[in-house]
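J.: have a look at this prediction, sequence included:
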Amino acid sequence: MRARCIFIKRKILDHSEGLLTDREKNEVGKHLESCAKCRALLAKMEESARALEALREFPVRISDSFKERAVRNITSAEPKRRPVIRFSPSIAASLSAIAALILILVILVAIKPWGLKTTRTQMEPTVSQEFKANKSTPEGLERSGGKSAADQTATAPMPEKAEGLVVPSAVEKNANYNKDSIRNMVENLALRKEVAESMTMGHSMLYSATYAKRLADEFTKINEDGALIEAMISYITRSEPVLLPFYGEKALYEGRDAFIIVFAGPPRTGESVALSRCEVWVLEPSSFKVNPDSSILLFLEHKF
């Protein structure tokens, strides 16, 4: 499925009902001229709309005899009320006193030393705490020859991390990608393999917002607009919140400035919770600020 189709399909219903602005109508119209699948979808929606209009013109009439039978069936199917058991005031008061006494005994057993022992649950460290432990130290920079965090990310192995979590990273590369070279880069990405082997949809549901913030921070380290990265991730994941952003690049795509953001997600079939699917989004930052839909330079999807 092409990336444009994903967003055009969201607007086709409004197009069929005449709710689009002139600019949006022109944008959808141009796409429909070149996309047979979206034209077929629009035709089906228009056919359904015509069928509904035909029903309004020729409403179904129900005979009086049918109405009477329906009412009889409904009234005869009403559940019978069960008899209510009523106690005398003295018995009711006794039962209330017994219930109150039992409640007091349960509370005493729970709070006394000779009662049930309570266990203290140790809170798991948050992802922010886990990431804080992974930040580069002056000693680490000294050992690396004074390289920046972005340089270390690009050339050195991933830093020590909490078990089961992959630390997101972003780098700036002097590369001019095309579709094939983007695919090759992602297929050989070591971080992609770590995500597939150690993380699941549960991680994505719990930590997707934290990973988005961390990836934005990583872009900030290479002097890029972290807030813009967060906006891009939010735009991409608004209809698919289980995507986990874990890698980004600042580079060129066919000669245009681009941000490359790589996401992990579960298979669309629902047959597994493993993050075995990869989505790659290439967006042009200058266009995104004007119109997010028009900023998409490339969309790729494949299994890990």
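T.: Looks like it came in fine. All values reported here derive from a predicted model rather than from experimental measurement. Residues are numbered from 1 along each chain as shown.
J.: buried sites along the helix or strand harbouring Phe263?
T.: Assigning secondary structure by DSSP states H and E places Phe263 in strand 256-265. Across strand 256-265, burial judged by 16 or more other Cβ atoms under 10 Å covers 258-265. The way it works is simple: take the backbone N, C-alpha and C, and place the C-beta from them, glycine included.
J.: do the same with stretch 284-296
T.: The neighbour-count check on stretch 284-296 (16+ other Cβ under 10 Å) flags 284-285, 287-288, 292-293, 295-296 as buried.
J.: out of these, what pair is the most spread apart?
T.: Spatial extent of the buried residues of stretch 284-296 (Cβ to Cβ) is set by the pair Pro285 and Asp293 at 14.4 Å.
J.: SS state for Glu224?
T.: Classification of Glu224 using DSSP: H, G, I helix; E, B strand; the rest coil returns coil.
J.: identify the residue nearest it in space, chain neighbours excluded?
T.: Spatial nearest neighbour of Glu224, chain neighbours left out: Lys250 (5.7 Å); criterion: Cβ to Cβ, 6 or more residues apart in numbering.
J.: is it true that the one you found lies in a strand?
T.: Yes - per three-state DSSP, Lys250 lies within a strand segment.
J.: roughly how far does it sit from Val171?
T.: Using Cβ to Cβ, to the nearest Å, one gets 7 Å for the distance from Lys250 to Val171.
J.: overlap of the contact sets of the two?
T.: Ile222 (Cβ atoms under 8 Å, 6 or more residues apart in numbering).
J.: relative to Asp14, how far out is Glu46?
T.: Remark: distance between Glu46 and Asp14 (Cβ to Cβ) = 13 Å.
J.: correct me if wrong: Glu301 contacts Cys278.
T.: Yes - counting by Cβ atoms under 8 Å, Cys278 is a contact partner of Glu301 at 7.0 Å.
J.: compare the two (neighbour count), which wins?
T.: Per other Cβ atoms under 10 Å, whichever of Glu301 and Cys278 has more neighbours is Cys278, with 24 against 14.
J.: distance of the more buried one relative to Val167?
T.: With Cβ to Cβ as the criterion, Cys278 and Val167 are 18 Å apart.
J.: partners of the host helix or strand of Val171, with directions?
T.: Element membership for Val171 (DSSP H and E) is strand 169-177. Here strand 169-177 is paired, per DSSP bridges, with strand 244-253 (parallel).
J.: low-confidence regions, the stretch 101-250 of the chain specifically.
T.: Under the criterion pLDDT under 70, the flagged ranges of the stretch 101-250 of the chain are 101, 103-164.
J.: again, 50 this time
T.: Filtered on pLDDT under 50, the stretch 101-250 of the chain yields the residue ranges 111-161.
J.: mind listing the helices for it?
T.: 127-132, 138-143, 149-155, 179-187, 190-198, 201-221, 226-237 (DSSP state H, counting those that start in this stretch).
J.: right, and the ones you listed - which one's nearest Leu19?
T.: Ranking those by their distance to Leu19 (criterion: Cβ to Cβ) puts helix 226-237 first, at 21.4 Å.
J.: which residues touch that closest one?
T.: Against helix 226-237 from outside (Cβ under 8 Å, 6+ apart): 170, 208, 212-213, 215-217, 219-220, 243, 245, 248, 259, 261, 263, 279, 281, 283, 285, 288-289, 292.
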